[in-house]
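**Student:** here is a sequence with its predicted model. Questions after.
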Amino acid sequence: MAVSRKTVLAIKSYQNQAHVLVNNYLLADPFIPYTSILGGMLLCKVAYDLTQLISTFYFKSYNGLTKIQRIEWNNRCISTLHAIFITVMSLYFVFWSDLFSDQQHYGIVTFRSSPLSVFALGVSVGYFLADLGMIFWLYPSLGGMEYVIHHSLSGVAVAYSMFSGEGQLYTFMILISEVTTPEINMRWFLDTAGMKRSFAYLINGVLIFFAWLAARILLFVYMFYHVYLHYDQVIQMQTFGYFLVFVVPSALAIMNLMWFGKIVKGLKKTIAKKQ
């Protein structure tokens with residue numbers, strides 16, 4: 001059907017208005033933190049609904065779960081998607097991007113940021129807020145106090161880094177530890193599906209061990225070493241940012257070591273049963 005010239009002009013006018021709205025407001029530098037947080041929360045809702053829809057039709061075991069188990073199933077799918085997203089972004093900024101490279105002269109490394117780095121952190125803050133809301137709503141079904149402490153510390157540190165622009169390099173280093181989340185969630189899925197004695201469960205346990213060792217133990221050591229080498233720049237941060245650089249990673253490192261002990265015990269038990 002032929003479209004009148006008036007209709008075409010009206011459509012182009014709406015397109016131009018939408019383009020101006022997105023560029024001048026939604027994606028403008030001052031608004032990126034807020035739009036990315038809201039976007040992260042919205043994506044969590046979409047992922048939850050899609051997981052529920054897809055699992056109902058394609059996973060027979062899903063319909064046999066209790067209501068709480070189905071909610072946790074959906075919640076773990078959200079955390080897996082977030083973990084993949086933030087791990088990829090963090091690896092890019094820490095190891096491939098020139099933004100935080102010592103070879104570049106962009107100013108003090110602890111004060112460097114970009115619209116993309118702010119956006120990535122904002123999505124992560126949105127996830128932490130959404131996940132904390134679900135944890136409190138169903139407490140303690142989705143996790144006990146250790147999860148509340150972990151998410152609260154992580155959310156505050158990421159939000160501060162995003163809004164202030166301080167210490168984003170160290171924030172991304174810590175967020176690389178999310179690479180262990182998909183394996184932890186897969187362990188729960190296999191256990192829930194009655195596959196705790198399967199070979200897949202054993203392989204997943206081995207992956208958890210090495211991923212945890214690399215991302216939550218050795219990488220933390222590297223981060224503290226990097227802080228030591230750049231202490232003259234770290235000390236120029238605001239008091240709260242300086243506090244977060246040392247306190248939050250230290251608290252998370254202690255929790256990681258405690259959980260790592262449990263992972264080692266669990267892996268030994270699984271291997272012993274296989275033998």
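**Tutor:** Sure thing, it's come through. Numbers count the residues shown, from 1 in each chain.

**Student:** flag the shaky bits of the stretch 101-250 of the chain, pLDDT-wise.
**Tutor:** 105 (pLDDT under 70).

**Student:** was I right to think His230 contacts Phe111?
**Tutor:** No. His230 is beyond contact range of Phe111, at 11.5 Å (criterion: C-beta atoms under 8 Å). All C-beta spots, glycine's among them, are computed from the backbone N, C-alpha and C.

**Student:** Ser177 - how many residues pack around it?
**Tutor:** 26 (other C-beta atoms under 10 Å).

**Student:** so it, which of the three states?
**Tutor:** helix (DSSP: H, G, I helix; E, B strand; the rest coil).

**Student:** quick one: contacts for it?
**Tutor:** 215-216, 219-220, 252, 256 (C-beta atoms under 8 Å, 6 or more residues apart in numbering).

**Student:** could you redo the last one with a cut-off of 7 Å?
**Tutor:** With contacts defined as C-beta atoms under 7 Å, 6 or more residues apart in numbering, Ser177 is in contact with 215-216, 219.

**Student:** from the residues you listed, which ones fall inside helices?
**Tutor:** For these, the ones inside helices are Leu219, with DSSP state H as the criterion.

**Student:** need the contacts of Ser177 in a markdown table (columns: distance to Val264).
**Tutor:** A markdown table is the format used below for those (distance: C-beta to C-beta, whole Å):
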| residue | distance to Val264 |
| --- | --- |
| Ala215 | 16 |
| Arg216 | 13 |
| Leu219 | 18 |
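
**Student:** now, of the contacts of Ser177, which are buried?
**Tutor:** Buried residues within the contacts of Ser177, counting neighbours by 16 or more other C-beta atoms under 10 Å: 215-216, 219.

**Student:** which one of those is nearest Trp96?
**Tutor:** Checking those against Trp96 with C-beta to C-beta, the nearest one is Leu219 at 15.7 Å.

**Student:** was I right to think the closest one contacts Met173?
**Tutor:** Yes. Counting by C-beta atoms under 7 Å, Leu219 does reach Met173; the two are 6.5 Å apart.

**Student:** which SS class is Gln104?
**Tutor:** At Gln104, secondary structure determined by three-state DSSP is coil.

**Student:** which pLDDT does the model give Leu38?
**Tutor:** Per-residue pLDDT puts Leu38 at 95.

**Student:** buried residues in the helix or strand Gly266 falls within?
**Tutor:** Assessed by DSSP states H and E, Gly266 sits inside helix 239-274. Neighbour-count burial for helix 239-274, counted by 16+ other C-beta under 10 Å, picks out 241-242, 244-245, 248-249, 252-253, 256, 259-260, 263, 270.

**Student:** of those residues, which is the nearest to Gln168?
**Tutor:** The closest of the buried residues of helix 239-274, once distances to Gln168 are taken by C-beta to C-beta, is Gly241, at 10.3 Å.

**Student:** how about the closest one, nearest residue that isn't a chain neighbour?
**Tutor:** Excluding the flanking residues, the one nearest Gly241 by C-beta to C-beta, 6 or more residues apart in numbering is Glu166, at 4.2 Å.

**Student:** just say helix, strand or coil for the one you found.
**Tutor:** coil.

**Student:** now swap in Met195 and tell me
**Tutor:** Met195 is classified as coil under three-state DSSP.

**Student:** thinking it is in contact with Asn204, fair?
**Tutor:** No. Between Met195 and Asn204 there is no contact under C-beta under 7 Å: 9.6 Å.

**Student:** so between the two, which is more surrounded?
**Tutor:** Set Met195 next to Asn204 and count neighbours by other C-beta under 10 Å: Asn204 wins out with 22 against 14.

**Student:** which of the residues in the particular helix or strand that has that one in it are buried?
**Tutor:** Assigned by DSSP H and E, Asn204 belongs to helix 199-212. By neighbour count, and taking 16+ other C-beta under 10 Å as the criterion, the buried residues in helix 199-212 are 201-202, 204-205, 208-209, 211-212.

**Student:** thank you kindly, that will do.
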